[in-house]
Each structure stands twice: as C-alpha cells, then as structure tokens.
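Peer 1: coords below, sequence missing:
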C-alpha cells in the first residue's frame, strides 16, 4: 500500500516536471492591455516591456525590482528611453527583491492606476510562479496576460524553479 502511494506520488512528480520543463509559457502577440509589468532579472524582460509601450499595446509600464542604486536618468540611458516617455509612462519599482514582493509591488501599482488588464513579462521558466504569485494579490477582476521571454534554461534552473512553484502552491494550500 505505501509502496503504491510512493510510486504514484513519484509518477505525478515526474509527469509534472516534464510538463513544466517541456511546455514552457510562450510570448504573446499583439494583445492590448491597460498596463505592463516587467520583472527585473534575466535578460530581455525590460526590453520586452519597453517594446510593448513603443508598439502602443499598453499605455504604462512598471519595471519591478529595480536596484535602489539605479537612478531614472541612468535607466533611461541604459535602455535608450526618451526622458519624456520615462516621466509619463514608466514607473521604476524599487520595493521588491524577489518574486513574491514583485507581485505585491505590481498589485499596488495595478490598484493605483485602476488597471483591469495587465501584461506580465518575465522569463518563460519563471512565468508560472510569477503569475501564480500575482494572481494571489492582484485586485479582483484583473486579467493577467502572460508574455514570456524565451530563454534556454538549464536543467538545474528548471528543476529549481519547478520546486519553487510546488512550494508556493503548497504554502498557498496550507494558508500561506
């Protein structure tokens, strides 16, 4: 009986990991939203968020997890952003240090601007946990559009991220 239970759990874990690793979230096309949240970290995320603004697919952008040492002028220079675009439409979020605090920072920004639909930009391997965390704290009725930046994650990165997602789901199930 116990052997069957352990075998069943192992099979579920293996199948879950295969699903997680093989079917990574994908980039989304020209979907219009009320805002875009780009999480700092791996390359391509901030550039994707800026491209969404440039293509007029969202009117404002939150870059969540910006290092406290980075000044707006430096940020604009690094990414070739017009200072006027930075002033009107881009919020640099300095409050978050991890995925959960990214979600809380994004939720406050979403509420502040009364955003009803938001494009979440992060790496493909990170999207499921980031979207899960945002869904837990976002204002009711907000639609989250997942826009994954394609990467070539290592087996180790996928293995670690899968377990972080499982841990978050279990924490949520047990009352956070």
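Peer 2: Done, it's in. The model shown is predicted, which means the values in this text are computed figures rather than measured ones.

Peer 1: surely residue 165 meets residue 17?
Peer 2: No - with contacts counted by Cβ atoms under 8 Å, residue 165 stays clear of residue 17, the gap being 10.3 Å. Placement of C-beta: from N, CA and C, glycine included.

Peer 1: who has more neighbours, these two?
Peer 2: residue 165 (20 against 15; other Cβ atoms under 10 Å).

Peer 1: quick one: residues contacting that one.
Peer 2: 20, 128-129, 132 (Cβ atoms under 8 Å, 6 or more residues apart in numbering).

Peer 1: switch to 10 Å and redo it
Peer 2: Applying Cβ atoms under 10 Å, 6 or more residues apart in numbering, we find residue 165 in contact with 16, 20, 99, 125-126, 128-130, 132-133.

Peer 1: A helix includes residue 151, no?
Peer 2: No - looking at residue 151 with DSSP: H, G, I helix; E, B strand; the rest coil, it is coil, so not inside a helix.

Peer 1: got the phi and psi for it?
Peer 2: phi -140, psi -180 (degrees, to the nearest 10).

Peer 1: repeat that for residue 51.
Peer 2: Residue torsions, per degrees, to the nearest 10, at residue 51 are phi -60, psi -40.

Peer 1: gap between it and residue 66?
Peer 2: 18 Å (Cβ to Cβ, to the nearest Å).

Peer 1: who's more crowded, these two?
Peer 2: A count of neighbours by other Cβ under 10 Å puts residue 66 above the other of residue 51 and residue 66, at 19 against 14.

Peer 1: residue 117 is in contact with residue 144, isn't it?
Peer 2: Yes - using Cβ atoms under 10 Å, residue 117 is in contact with residue 144, at 7.9 Å.

Peer 1: got any residues that touch both of those two?
Peer 2: 33, 110.

Peer 1: on contacts alone, who are the packing partners of the longest helix along the chain?
Peer 2: The single longest helix within the chain, with elements called by DSSP state H, is helix 2-22. Here helix 2-22 touches helix 155-173, going by 3 or more Cβ pairs under 10 Å, 6 or more residues apart in numbering; DSSP states H and E.

Peer 1: now do the strands in the protein.
Peer 2: Per DSSP state E, the chain has strands spanning 35-39, 61-64, 90-93, 117-123, 143-149. These are given in chain order.

Peer 1: of those strands, which is nearest residue 158?
Peer 2: strand 117-123 (11.1 Å; Cβ to Cβ).

Peer 1: what pairs with that closest one, parallel or antiparallel?
Peer 2: strand 35-39 (parallel), strand 143-149 (parallel) (DSSP bridges).
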